[in-house]
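Asks: Pasting the sequence and the predicted coordinates here, then a few questions.
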Amino acid sequence: MEDYDDIDIMSRIEQRAYKLRHRRSEGFDDKSLESKCLVNEIKYLFSMLDSSSQKEILDKPWLD
């Protein structure tokens, strides 16, 4: 598997977080399969980060 740097992972998390926020604001049910997949992808990507990057990303305003 290719090694990804924290910037790539954080960028992907941000994209997924905005997509999930958009789905919620448009009135989609949070229990939909796509929303669950987005949440699980964010969790997986978050676990790939080192501890300092995890702390940094938790302070971001777009991650609610």
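Replies: Now that the structure is in, tell me what you want to look at.
Asks: What segments of this structure are helices?
Replies: 6-25, 33-48, 51-58 (DSSP state H).
Asks: Kindly reformat the ones you listed as JSON lines containing mean neighbour count and mean pLDDT.
Replies: C-beta here means a position set from N, CA and C on the backbone, and glycine is covered the same way. Below are the helices of the chain laid out as JSON lines (neighbours: other C-beta atoms under 10 Å; pLDDT from 0 to 100):
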{"stretch": "helix 6-25", "mean neighbour count": "15", "mean pLDDT": "88"}
{"stretch": "helix 33-48", "mean neighbour count": "14", "mean pLDDT": "91"}
{"stretch": "helix 51-58", "mean neighbour count": "12", "mean pLDDT": "90"}
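Asks: Restricting to C-alpha, output stretch 44-51 in CSV.
Replies: The C-alpha trace of stretch 44-51 is given here as CSV (Å, rounded to 0.1, in the frame of the first residue of the first chain):
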residue,chain,number,x,y,z
TYR,A,44,-10.6,5.2,9.1
LEU,A,45,-8.7,8.2,7.8
PHE,A,46,-8.5,9.7,11.2
SER,A,47,-6.9,6.5,12.6
MET,A,48,-4.2,6.8,9.9
LEU,A,49,-3.0,10.1,11.3
ASP,A,50,-0.3,10.5,14.0
SER,A,51,-1.4,11.8,17.3
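Asks: Need the contact partners of that stretch.
Replies: With contact meaning C-beta atoms under 8 Å, 6 or more residues apart in numbering, stretch 44-51 is reached by 4, 6, 9-10, 12-13, 16, 54, 57.
Asks: do the same with stretch 17-27
Replies: 30, 32, 34-35, 38-39, 42, 62-64.
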